[in-house]
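**Student:** quick one: sequence plus predicted model below, questions after.
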Amino acid sequence: MLSQAPNFEIVGEVADGLDAVQSVETLRPDIVLMDLTMPRMHGLEAIREIVRRSPETKILVLTVHTNEEYVLAAFAAGAKGYLLKDASHAELLTAIRTILSDKPYLSPEISAMVLKGYLDGRKHLSTESTWDTLTQREREILKLVAEGYKNKDIADLLCISEKTAQKHRANLMKKLDIHNVAGLTAFAIDKGLVSKT
């Protein structure tokens, strides 16, 4: 759709969060369309890294996740817009143009939900859950464990020692009180870090 729209040039396409971060550093695009559930690095971590390394690049989250927690986390990570994957071509172009003009964009269905949550005075996002106690590194480890990576592979991917990877994994299991890979995988799926397939 975008390749046929006037005034847009697609400069890159990647399959996972880690490649997205590396490509943005090289290509320096004006805008990135980012999913949240991706292999190797979750979208939220990728957004944080892109914002840190290329602050001029704007990020539009394009996802199936309608959960308020994801919406707020995406904006907190540095996204400038949030759009559902079933959006029309016209809405996608509107979202991109809005963000490129330095204004935030929120899908109408999502904005109604977030506004209702705000008006209802829901405070559940501010109360600390077990998930909230995990560090960014522990979340990365959780994602990789759920994807089937062993300590040595995790160490190589994250450029840390195998002993450090093992320590993070142990801390993660202790905090979550989950002591097997199957349990960690189920938890990661529940949190949207990995897909069920």
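**Tutor:** In hand now; what should we look at?
**Student:** measure Ser195 to Thr185 for me?
**Tutor:** Look at Ser195 and Thr185: by Cβ to Cβ, to the nearest Å, they are 11 Å apart. Where you see a C-beta, it was placed from the backbone N, CA and C, and this is true even at glycine.
**Student:** equivalent analysis for Lys80, please.
**Tutor:** Per Cβ to Cβ, Lys80 is found 32 Å from Thr185.
**Student:** now do Leu100
**Tutor:** In this view, Leu100 and Thr185 are 38 Å apart by Cβ to Cβ.
**Student:** ditto for Tyr105
**Tutor:** Distance of Tyr105 to Thr185, given as Cβ to Cβ: 34 Å.
**Student:** same check, this time on Val194
**Tutor:** Val194 sits 7 Å away from Thr185, going by Cβ to Cβ.
**Student:** quick one: common contacting residues for these two?
**Tutor:** Ala146 (Cβ atoms under 8 Å, 6 or more residues apart in numbering).
**Student:** and Ala155, what element?
**Tutor:** helix 151-158 (DSSP states H and E).
**Student:** buried set for that helix?
**Tutor:** Going by neighbour count (16 or more other Cβ atoms under 10 Å), the buried part of helix 151-158 is Asn151, Ile154, Ala155, Leu157, Leu158.
**Student:** adding pLDDT and distance to His65, write those out as CSV.
**Tutor:** CSV is the format used below for the buried residues of helix 151-158 (pLDDT from 0 to 100; distance: Cβ to Cβ, whole Å):
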residue, pLDDT, distance to His65
Asn151, 92, 29
Ile154, 91, 25
Ala155, 91, 30
Leu157, 89, 24
Leu158, 88, 25
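**Student:** a markdown table for these, including distance to Glu138?
**Tutor:** Output for the buried residues of helix 151-158, formatted as a markdown table (distance: Cβ to Cβ, whole Å):
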| residue | distance to Glu138 |
| --- | --- |
| Asn151 | 14 |
| Ile154 | 12 |
| Ala155 | 15 |
| Leu157 | 15 |
| Leu158 | 11 |
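**Student:** considering these, which is situated nearest to Ala87?
**Tutor:** Taking Cβ to Cβ as the measure, Ala87 sits nearest to Leu157 out of those, at 32.5 Å.
**Student:** from the chain's centroid, how far away is the helix-or-strand element of the chain with minimal mean pLDDT?
**Tutor:** Ranked by mean pLDDT, DSSP states H and E, the weakest helix or strand in the chain is helix 108-119, scoring a mean of 76. Here helix 108-119 is found 20 Å from its chain centre; the criterion is Cα atoms, centre = their mean, to the nearest Å.
**Student:** the helix or strand just after that helix: which residues count as buried?
**Tutor:** Counting by DSSP H and E, the next helix or strand C-terminal to helix 108-119 is helix 130-133. Within helix 130-133, no residue counts as buried by 16+ other Cβ under 10 Å.
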